[in-house]
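**Q** Sequence below, structure please.
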Amino acid sequence: MKTLLFALLLSLAACTATNVESVNEAPGVNFAAYRTYNFLDVSARNEAAFQSPLNGVEELKSAIATQLERRGYQRAEQPDVWVNIGIVTQQRVQTRETTVREAPVYLGQRRYAWRSQEVPVREYTEGTATVELVDAARNEQVWEGAVAGVLSDKPEALSKRIEAAIEDLFERYPVKPQQQP
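**A** Model (predicted):
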């Protein structure tokens, strides 16, 4: 498996960017009333994915924490909102279609036929990260966002892509960043 697989995900291949897949907000919630946050414990269905120190979970948590703190939230043991993260990855194959220019030269055989076909170009890992905020007092989800992208197998690039993806996601969060003096 790739040097993982996470973040969603979120990290896109060289020229592509991450996509904010969805954002859902509970109606009537005063997000400005929340002051503290913390992360729910991470558990995995695929424990092997979490064996590597380069799985992207810590980078994802760090990027989320940065965005929440820019909005005035503080990390606390008994928070106003819990942050739950979900990560899904899939191996993908990029293909291209052959053209007639790639057909072999015809040298007189009867019933010769050439057909276009899909040719594999490269394999890559696509990741989707979901960030859910849960009101701790009511135990109800109040906000959810998902980002998706192609993951890098280089730790530095993975970290940068995760940060950029989470920043894009939190641009749609109801509380805007506080102005820095």
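**Q** hey, let's count contacts and neighbours off CA atoms from now on
**A** OK.
**Q** and the helix or strand encompassing residue 129, what does it pack onto?
**A** Element membership for residue 129, per DSSP states H and E: strand 118-135. Strand 118-135 sits against strand 81-97, strand 140-150, with contacts defined as 3 or more CA pairs under 8 Å, 6 or more residues apart in numbering; DSSP states H and E.
**Q** what are the ranges of the helices in the protein?
**A** Per DSSP state H, the chain carries helices over the ranges 57-70, 155-170.
**Q** And stretch 28-46, what's buried?
**A** Going by neighbour count (16 or more other CA atoms under 10 Å), the buried part of stretch 28-46 is 34-39.
**Q** Would you reformat those residues as JSON lines and include pLDDT and distance to residue 148?
**A** JSON lines is the format used below for those (pLDDT from 0 to 100; distance: CA to CA, whole Å):
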{"residue": "34", "pLDDT": "96", "distance to residue 148": "27"}
{"residue": "35", "pLDDT": "96", "distance to residue 148": "28"}
{"residue": "36", "pLDDT": "97", "distance to residue 148": "27"}
{"residue": "37", "pLDDT": "97", "distance to residue 148": "24"}
{"residue": "38", "pLDDT": "96", "distance to residue 148": "23"}
{"residue": "39", "pLDDT": "95", "distance to residue 148": "21"}
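**Q** Could you tell me which of these belong to strands?
**A** Members of the buried residues of stretch 28-46 lying in strands (criterion: DSSP state E): 36-39.
**Q** just the helices and strands packed on strand 118-135: most buried one?
**A** The highest mean neighbour count among the helices and strands packed on strand 118-135, using mean count of other CA atoms under 10 Å, belongs to strand 140-150: a mean of 22.
**Q** Provide the strand pairings for it, with the direction of each partner.
**A** Sheet pairing of strand 140-150 (DSSP bridges) gives strand 19-25 (antiparallel), strand 118-135 (antiparallel).
**Q** and among these, the most buried is which?
**A** It is strand 118-135: most buried of the strands paired with strand 140-150 by mean count of other CA under 10 Å, with a mean of 19.
**Q** which stretches of the protein have low pLDDT?
**A** Along the chain, segments meeting pLDDT under 70 span 1-17, 42-55, 100-114, 180-181.
**Q** and with 50 instead?
**A** The chain contains residues with pLDDT under 50 at 1-16, 48, 50-54.
**Q** any idea how far residue 115 is from residue 178?
**A** 59 Å (CA to CA, to the nearest Å).
**Q** circling back to that earlier point, name the residues that touch the strand holding residue 129?
**A** Contact partners of strand 118-135, identified using CA atoms under 8 Å, 6 or more residues apart in numbering, comprise 2, 5-11, 80-98, 140-152.
**Q** re the thing from before, could the helices and strands packed on strand 118-135 go into JSON lines alongside distance to residue 65?
**A** Putting the helices and strands packed on strand 118-135 into JSON lines (distance: least, CA to CA, whole Å) gives the following:
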{"stretch": "strand 81-97", "distance to residue 65": "9"}
{"stretch": "strand 140-150", "distance to residue 65": "15"}
